[in-house]
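K.L.:
When you get a sec, could you give me coordinates for this:
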Amino acid sequence: MADVEKRLAALEAQVAELVGRLGDAGEPATPPEGTFWALDGLKQRLPADSSGAALYTGTVRLAGQQYDWQYGRTVDDVLADDWAELPSALSALAHPVRLRLLREILGGRQGTAELAGIEDLGTTGQLHHHLRQLTAAGWLRSAGRGRYAIPVERVVPLLVILTAAGR
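P.N.:
Numbers count the residues shown, from 1 in each chain. As a prediction, this is how the structure comes out:
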């Protein structure tokens, strides 16, 4: 019994410490150790003379699907790329109906009939126009029989872009 009481006291101390670190908004007032574990790992992998790198990673479970993704590039490689093709991929996201379509498809509504039933998406012709734009830009792929899916390699990048845009 003494062992159980000792373990319970240790758990209560841990809970008290966590509660003590919470600010008014329910977020930690001081970052816990290891907050930048991904950043620290990235820095360890860079050569000393590097101008840096960008990394994005995510694990996502939506509509019964699991998506795990990690991608990183050096700053020099990104700056050396031809950016001329980027506007079409980004502009495809710059429409509220297209963003709504992507959200609905991520949520499991993947058929054109299901999507056409959503209010405020416009006519069937407009719906197909938006689906074509997203498909041409690589944000969607046809899954056959009037169904669409976001390619696995685009789920986490899409969520990263939306997260960055919302900041």
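K.L.:
Could you grab the helix/strand/coil label for Arg73?
P.N.:
Under DSSP: H, G, I helix; E, B strand; the rest coil, the three-state class of Arg73 is strand.
K.L.:
what does Tyr67 give?
P.N.:
strand.
K.L.:
wait, it sits on Val155?
P.N.:
Yes: judged on CB atoms under 8 Å, Tyr67 makes contact with Val155 at a distance of 4.4 Å. Where you see a C-beta, it was placed from the backbone N, CA and C, and this is true even at glycine.
K.L.:
Looking at these two, which is more packed in?
P.N.:
Ranked by neighbour count (other CB atoms under 10 Å), Tyr67 and Val155 place Val155 first, with 20 against 17.
K.L.:
helix, strand or coil for that one?
P.N.:
Assignment for Val155 (three-state DSSP): helix.
K.L.:
ok, it - contacts?
P.N.:
Shown in contact with Val155 (CB atoms under 8 Å, 6 or more residues apart in numbering): 58, 60, 62, 67, 69, 106.
K.L.:
quick one, helices of the chain?
P.N.:
Along the chain, counting by DSSP state H, helices occupy 2-21, 37-45, 75-80, 86-91, 96-106, 112-116, 124-136, 152-165.
K.L.:
Mean pLDDT lowest where, among those helices?
P.N.:
Among those, helix 2-21 has the lowest mean pLDDT, at a mean of 57.
K.L.:
rewinding a little: quickly check the contacts of Val155 for the two that are furthest apart.
P.N.:
Trp69 and Leu106 (13.7 Å; CB to CB).
K.L.:
one step back: same list (the helices of the chain) but as a markdown table, adding distance to Ser142.
P.N.:
Below are the helices of the chain laid out as a markdown table (distance: least, CB to CB, whole Å):
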| stretch | distance to Ser142 |
| --- | --- |
| helix 2-21 | 47 |
| helix 37-45 | 34 |
| helix 75-80 | 30 |
| helix 86-91 | 18 |
| helix 96-106 | 12 |
| helix 112-116 | 10 |
| helix 124-136 | 7 |
| helix 152-165 | 14 |
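K.L.:
From Glu153, how far out is Glu114?
P.N.:
24 Å (CB to CB, to the nearest Å).
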